[in-house]
Structures are given as C-alpha cells and as structure tokens.
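Visitor: Fold the following and give me the result.
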Amino acid sequence: MAWIILGIAGLFEIGWAVGLKFTEGFTRPIPTVLTATSMVLSMGLLGWAVKTLPLGTAYAVWTGIGAVGTAIVGIVVFKEPATAARLVCLSLIVAGILGLKLFTPSVA
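Guide: You can find the predicted model right below:
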C-alpha cells in the first residue's frame, strides 16, 4: 500500500511542478490555489509513505516520478525538445525508480 501512496504522491508532485507554470509567479489565484493544494497533498502522501518505506528510497522515487512526469508533460504539452539524449536520461531515471522499487523492502 505504501508504494501506491508514494506513486500518488509522485503524481501530485507532477501536478504542482506543472502548476507552477500556470501560476505566472503566483499572480493567478486559481492556478496558485491548485498548485498549493497539490504541494500539500504530495508532501502529505510522501509523509504517509515513509511510515513504512525507507526515507531515502521513498524520497528518491518521489522526486524521480516528479522529474520524469514533469519532463514528459513539458515535452507533450509545452512542446519542449524531446532529443534522444534527453529521452535516454529520462529512461535512466525510470530505471533507477524501478530498481529502487524492486530492491527495497518495507521497513514496518
């Protein structure tokens, strides 16, 4: 269950990272509120996940999900470059996330 919670926390991490683009420096109220809500949910769920997952692993997976997901949104939505080198680097992050998932037991 902790891994599912961590995955959801990672999705909210993507949400707030992408949301930052829409806040325009926190000058737009609705995007700002949605971004702040995503931040709180992301951190809260991360905190819940670390009750049973090692902190270092959970944090690395959380940030990895956020980094890869945000980069993918950037490529798809904001038309950022999808160079071969960039995609290889993103795939290395995904490999690291999967490795941590496969080789990390729950602590509780």
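
Visitor: So which residues of this protein form helices?
Guide: Assigned by DSSP state H, the chain shows helices spanning 2-23, 29-49, 55-76, 84-102.

Visitor: Just send the ones you listed back as a markdown table, with mean neighbour count and mean pLDDT too.
Guide: For every residue, glycine as well, the C-beta is placed using N, CA and C. Output for these, formatted as a markdown table (neighbours: other CB atoms under 10 Å; pLDDT from 0 to 100):
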| stretch | mean neighbour count | mean pLDDT |
| --- | --- | --- |
| helix 2-23 | 19 | 97 |
| helix 29-49 | 16 | 98 |
| helix 55-76 | 18 | 96 |
| helix 84-102 | 13 | 93 |
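
Visitor: Closest to the centroid, which residue in the protein?
Guide: Central residue check for the chain by CA atoms, centre = their mean: the C-alpha nearest the mean position is that of residue 66, 2.0 Å away.

Visitor: check contacts around the residue nearest to that residue when sequence neighbours are not counted.
Guide: The shortest distance from residue 66 to any non-neighbouring residue, by CB to CB, 6 or more residues apart in numbering, is to residue 13 (3.4 Å). Neighbour list for residue 13: 38, 42, 62-63, 65-66, 69-70 [criterion: CB atoms under 8 Å, 6 or more residues apart in numbering].
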